[in-house]
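**Q** Got a predicted model here, sequence first, then my questions.
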Amino acid sequence: MSTLALDAEALYLELLSGVRALFRPGMRLVGVTSGGAWLAERLQRDMNLTERAGVISSSMHRDDFARRGMTVGAQTQIDFDVNEAHIILLDDVLYTGRTIRAVINELFDFGRPASVKLAVLVDRGGRELPIQADLCAARIVLPATQSLALARDEAGVFSFNVKAR
């Protein structure tokens, strides 16, 4: 595993600026486990929002569930009424779109939101489904043989890890 020469902290500041511009009173942040949940948690703190950010998992709705099974990590925790809510969904890396499709299915298990906006730290292209972010801090290209993931140290500082698939 190596660290990508991409400044995750600088990209986080871009994301923070973009989410502030998108955010309207009453909106809720929901982060995809685990990198998106870390982003949502930090955004909630940095934007001084009193409502705790939700966490959502794609595990139960993945189209490759039979092959992958349950993934280790946080499970969905949404402590607000999803019905008619305006939600900003956060993820670290948008790639094929399959995780976001699964997460939207999970979200609808909790109710019918009024709107869902997608904000991601990095869009690496390679979409297999018609999913597009409303906001992304950076667009990069990586070979399909590599994966990119957000990492967070004990102090909460973000970095990226790239590894061979």
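**A** Happy to help now that I have it.
**Q** Mind checking what secondary structure A21 has?
**A** Classification of A21 by DSSP: H, G, I helix; E, B strand; the rest coil places it in helix.
**Q** do the same with the one 5 residues further on
**A** Using three-state DSSP as the criterion, the local structure at G26 reads coil.
**Q** ok, and the closest non-adjacent residue to it?
**A** The shortest distance from G26 to any non-neighbouring residue, by Cβ to Cβ, 6 or more residues apart in numbering, is to H86 (6.4 Å). Every residue, glycine included, has its C-beta placed from N, CA and C.
**Q** In this structure that neighbour contacts P25, no?
**A** No: in this structure, H86 is not within contact of P25 by Cβ atoms under 8 Å, at 9.5 Å.
**Q** between those two, which one's more packed in?
**A** Taking other Cβ atoms under 10 Å, H86 and P25 do not tie; H86 has more neighbours (16 against 5).
**Q** hmm, back to that, any idea what the residue nearest to G26 is bridged to?
**A** S115 (DSSP bridges).
**Q** Per-residue pLDDT of it, please?
**A** H86 carries a pLDDT value of 98.
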